[in-house]
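In: here is a sequence together with a model predicted from it:
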Amino acid sequence: MSLVLGLASGCASTKTAPTPDSARAEVLDAEHGWWRAVSRGDIDRALSRFSEDTVFEAPDGSLARGRLALAQRLRHDGPHRIEVLGTPEHVHLDSPELVVVTGTGQWTETAPERTGVTTVRYIDTWRWNGSAWRLVSTAAAPVSDSSAGNALVRQVLSAWSSRDWAGLQLLLAPGYRTRGTIEGSDLRQRFETFHRLWSSARFDIEEQFAVGERIVTRLSATLTEVGTGRIVRYAGLDVSRVVDGHLVDHWDSWEEVPGRPPPEKVPRELDGKSPERSDANGKTAEPRRAGAPPAAVARPET
């Protein structure tokens with residue numbers, strides 16, 4: 001689930017993994033390039049921004065999987081165009097090789113029978129392929145009332161921070177999946193380990209909006225370390241898929257707030273892993289698979 005980009009001449013200047021600062025700058029440049037190309041109707045340039053395995057979800061809910069399918073869609077819908085409204089509003093660095101962008105845009109329909117402009121919210125996921133940034137998933141949806149989904153995500157965060165395991169279970173759908181493949185007893189172990197490491201956890205929500213079934217939440221975490229009382233803070237991005245009042249899929253990512261000393265353990269709102277860090281059990285975290293977009297972000301196949 002996400003709307004996004006990539007250019008052949010692209011934003012990459014080296015074949016080594018970008019630094020965090022350069023990753024942000026390069027992805028932001030690619031984001032602008034993608035929007036400009038689509039707004040001008042330059043389909044070839046727009047397509048060059050996408051990965052071969054991209055997942056593209058349009059504001060009308062239609063889905064294109066793969067760059068070939070997207071090319072067919074864009075060429076067929078030539079009279080329809082997307083225009084950016086302002087600039088991307090938030091750039092989140094999941095790792096130097098995976099960056100997520102959220103923002104507001106306009107979906108402009110120019111077909112005579114469907115003329116009109118729709119304001120949309122979008123989420124784009126960019127991946128570094130070793131030489132350039134490519135858009136691996138992009139999703140947009142009209143601005144809508146997401147109060148029920150927002151409330152569910154807030155309940156999940158509240159149950160997590162208050163150590164309410166029983167309450168948390170009532171909010172999760174059968175077969176619930178989170179970042180990675182954690183379920184059942186594994187999730188319980190991470191929940192208990194989290195609270196052994198942190199004596200208190202507070203999550204403050206900065207923004208929430210819906211993209212289809214997904215609730216996108218930008219938030220901060222304030223954690224107090226057990227034994228030392230040391231307080232650490234993180235900025236987070238959470239994407240949760242809500243179906244029939246329950247959390248079905250979840251993906252989260254955290255960045256250290258600048259100016260704070262890094263903690264020995266990274267926070268886990270549910271069970272997301274950070275690259276090249278120890279996990280909550282003190283073991284080296286498995287590297288993220290760079291191939292696919294986050295499971296909760298790209299709409300699953302049905």
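Out: Right, received. Where do you want to start?
In: so where's the stretch 1-150 of the chain uncertain?
Out: 1-15, 78-87, 109-115 (pLDDT under 70).
In: show me the strands in it, by range?
Out: 50-57, 63-65, 81-84, 90-95, 98-109, 116-128, 133-142 (DSSP state E, counting those that start in this stretch).
In: with the stretch 151-300 of the chain instead?
Out: So, for the stretch 151-300 of the chain - with DSSP E, counting those that start in this stretch - the strands run 172-177, 198-211, 214-225, 231-243, 246-256.
In: which of the residues in stretch 17-33 are buried?
Out: Buried residues in stretch 17-33, counted by 16 or more other CB atoms under 10 Å: Pro18, Ala23, Arg24, Glu26, Val27, Leu28, Ala30, Glu31, Gly33. (C-beta placed from N, C-alpha, C; glycine too.)
In: swap in stretch 216-225?
Out: Buried, per 16+ other CB under 10 Å, within stretch 216-225: Val216, Thr217, Arg218, Leu219, Ala221, Thr222, Leu223, Glu225.
In: average pLDDT for that stretch?
Out: When pLDDT is averaged along stretch 216-225, the result is 94.
In: phi first, then psi, for the closest residue to Val243 other than its chain neighbours.
Out: Residue nearest to Val243 in three dimensions, not counting chain neighbours: Glu213, with 5.9 Å by CB to CB, 6 or more residues apart in numbering. In terms of degrees, to the nearest 10, the main-chain angles of Glu213 are phi -80, psi -10.
In: dump the residue contacts of Glu213.
Out: The contact partners of Glu213, by CB atoms under 8 Å, 6 or more residues apart in numbering, come to Gly149, Arg241, Val242, Val243, Val248, Arg299.
In: relative to Ala148, how far out is it?
Out: 11 Å (CB to CB, to the nearest Å).
In: cool, Arg45 as well?
Out: Arg45 is 40 Å from Ala148, by CB to CB.
In: who's more crowded, these two?
Out: It is Arg45, of Arg45 and Ala148, that has more neighbours when counted by other CB atoms under 10 Å, with 17 against 11.
In: who's in contact with Asp77?
Out: So Asp77 contacts nothing (CB under 8 Å, 6+ apart).
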